[in-house]
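1. Give me coordinates for this.
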Amino acid sequence: MVMKTRTMLFVIFASILCACSKKDSQELIAIDVLDSRFMIEGTVVDKTEAKINAAGPTEYYFNKVGLNQAVLVPKALGFEGHIIRNLQNVTYYSNFALLFTFDPASNKITALTNFYGQPSANGRSAVLDPSGANSWDPATKKFSVKFWMDETGVTGHKTSFNETWTFIGEK
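-> Predicted coordinates:
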């Protein structure tokens, strides 16, 4: 009888411990994604400059700037921006960097703007594409994000982005 009671207590304690551990790790992931490092890759289509495309896998870190906001900083640049490729040359769009708002309750990116202003001094704005998942998947540790860069003087969206941001670690 004593052995059954001990075994039952152990099973109950282990279940509670596992449940708490799982809950804590999920909350930790939701909080840490805004202050972590990611590998970003995907597609870029610039309708006014056909030579521009995605740079390939590029390391970024997220700088947390608010309770649920972060700005993307490419490691190669060391400041807020978004890396692209112009033919074989790696470059970036000036005055364009993503500032996103993340809802940890739904794992969704709920807003996206240009860190340099909406629009920036050179007329660039960031717009979240509602056709994308625009969300964080804690199981795969990936964001799936679709967005546009608009530019003053260009009708419609100048550039479309379809990206996967894969978690590679904390900063």
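2. Mind checking what helix or strand follows the one helix or strand in the chain whose mean pLDDT sits lowest in sequence?
-> Ranked by mean pLDDT, DSSP states H and E, the weakest helix or strand in the chain is helix 2-32, scoring a mean of 42. Sequence-wise, the next helix or strand downstream of helix 2-32 (DSSP states H and E) is strand 36-46.
3. Report the buried residues of that following strand.
-> Going by neighbour count (16 or more other CB atoms under 10 Å), the buried part of strand 36-46 is Ser36, Arg37, Phe38, Ile40, Gly42, Val44, Asp46. C-beta here means a position set from N, CA and C on the backbone, and glycine is covered the same way.
4. Name the nearest of the residues you listed relative to Lys142.
-> Checking those against Lys142 with CB to CB, the nearest one is Phe38 at 8.7 Å.
5. Apart from its neighbours in sequence, what residue is nearest the closest one?
-> In this structure, Phe38 finds its nearest non-sequential neighbour in Trp165, 4.4 Å apart by CB to CB, 6 or more residues apart in numbering.
6. Would you confirm that the one you found contacts Thr58?
-> No: under the criterion of CB atoms under 8 Å, Trp165 is not in contact with Thr58, lying 10.3 Å apart.
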